[in-house]
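Chemist: Return a 3D structure for these sequence lines:
(one chain, ligands or ions: 1)
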Amino acid sequence: MTDKCAVIIRQLNYYFGQGDLRTQVLYDINLDLPKGQIVIMTGPSGSGKTTLLSLIGALRSAHEGNLQVLDKELVGLNKSQLVEVRRNIGFIFQAHNLFESLTASQNVEMAVELTNNWREKRKLAVEMLSQLGLANRVDYKPNALSGGQKQRVAIARALVNQPQLILADEPTAALDKKSGREVVMLMQKLAKEQSCTILIVTHDNSILDVADRIINLVEGRLESDENLDNFVSSRDPKSLDRRMFS
Ligand SMILES: Nc1ncnc2c1ncn2[C@@H]1O[C@H](COP(=O)(O)OP(=O)(O)OP(=O)(O)O)[C@@H](O)[C@H]1O
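Modeler: Numbers count the residues shown, from 1 in each chain. Below you'll find the model as predicted:
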């Protein structure tokens, strides 16, 4: 199974704070993300979704349990080793984090520079932006783009180096329903083409159908892990909104 999974998590615990203030936020997480799967993580506010995403993304260090990401064990790595791991991961956040002084193309080119591919950076950036429907916006700065277009630039930046793993935290939160769906459908299409694994944290139930699997985190514990049909049918529709998407 090992070489078929982008992420393997075993008995992972995580705490914030120290001494008397130490609080456990993740409890005994066990999770496999097979290569090429799109997984949505949902759950109530404060249940630990962003914390788990940031541990998988090597943005925080894990100390207890096992956390294997793209064939590398992250528990015990130092800061510079974690930075190396991050290079192989595409991140998409709710706040798109684009540089306002740079054009769409330059924002994407910055990601290509990390791979030292200086010669082709413009070509690769323009190709990726074009695939996302932004061929006629490559030289626009973010303030001349709509929310959905900015988020598509952020997706182009996350995908341009063809990472094997993409982590997205509320990628549709700043978008209206239609643009949110479009953005996620594009992520799904490109991910399938590049056969990369995607983990999306979301409260947006209108995008659940892009997922191969939905996992639900409640109070730091993985409460369920099922496909969309089972997820929906196992829940009372009235409670779905209140419990899952609060
Ligand atoms: N830097 C921090 N220091 C201390 N506690 C934190 C820190 N970040 C998060 N927490 C706590 O850890 C718990 C999990 O937070 P986390 O942000 O992972 O939840 P979440 O499920 O992503 O919530 P939301 O859906 O509201 O974004 C919460 O109780 C939160 O208050």
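
Chemist: For the rest of this, base every contact and every neighbour count on C-alpha atoms.
Modeler: Will do.

Chemist: Quick check on Gly48: phi, psi?
Modeler: phi 110, psi 10 (degrees, to the nearest 10).

Chemist: Distance of it relative to Leu190?
Modeler: As judged by CA to CA, to the nearest Å, Gly48 and Leu190 stand 28 Å apart.

Chemist: remind me, longest helix of the chain?
Modeler: helix 177-194 (DSSP state H).

Chemist: Show me which of Gly48 and Leu190 is the more surrounded one.
Modeler: Neighbour count, other CA atoms under 10 Å: between Gly48 and Leu190, Gly48 has more, with 23 against 19.

Chemist: Kindly state the pLDDT recorded for the more buried one?
Modeler: pLDDT, Gly48: 96.

Chemist: ditto for Asp236
Modeler: Taking Asp236 on its own, its pLDDT is 62.

Chemist: Next up, the contacts around the residue nearest the centre of the chain.
Modeler: The C-alpha lying nearest the average C-alpha coordinate of the chain belongs to Leu167 (CA atoms, centre = their mean; 1.7 Å). Contact analysis of Leu167 by CA atoms under 8 Å, 6 or more residues apart in numbering lists Leu53, Gly57, Ile89, Gly90, Phe91, Ile92, Ile198, Leu199, Ile200.

Chemist: Whatever helix or strand it lives in to helix 177-194, inter-axis angle?
Modeler: Using DSSP states H and E, the element containing Leu167 is strand 165-169. Interaxial angle, strand 165-169 versus helix 177-194 (axes from the mean of the first three to the mean of the last three CA atoms, to 10 degrees): 170 degrees.

Chemist: in strand 165-169, what's buried?
Modeler: For strand 165-169, burial by neighbour count (16 or more other CA atoms under 10 Å) applies to Leu165, Ile166, Leu167, Ala168, Asp169.

Chemist: The second one reaches Gly90, doesn't it?
Modeler: Which is Ile166. Yes - if you go by CA atoms under 8 Å, Ile166 and Gly90 touch, sitting 4.5 Å apart.

Chemist: Show me the common contact partners of those two, please.
Modeler: With CA under 8 Å, 6+ apart as the test, Ile166 and Gly90 both reach Ala158, Leu159.

Chemist: quick one: contacts for the residue nearest to Leu159 when sequence neighbours are not counted?
Modeler: Sequence neighbours aside, Gly90 is the residue nearest to Leu159 in space, at 6.3 Å (criterion: CA to CA, 6 or more residues apart in numbering). With contact set as CA under 8 Å, 6+ apart, Gly90 has these partners: Arg157, Ala158, Leu159, Pro163, Leu165, Ile166, Leu167.
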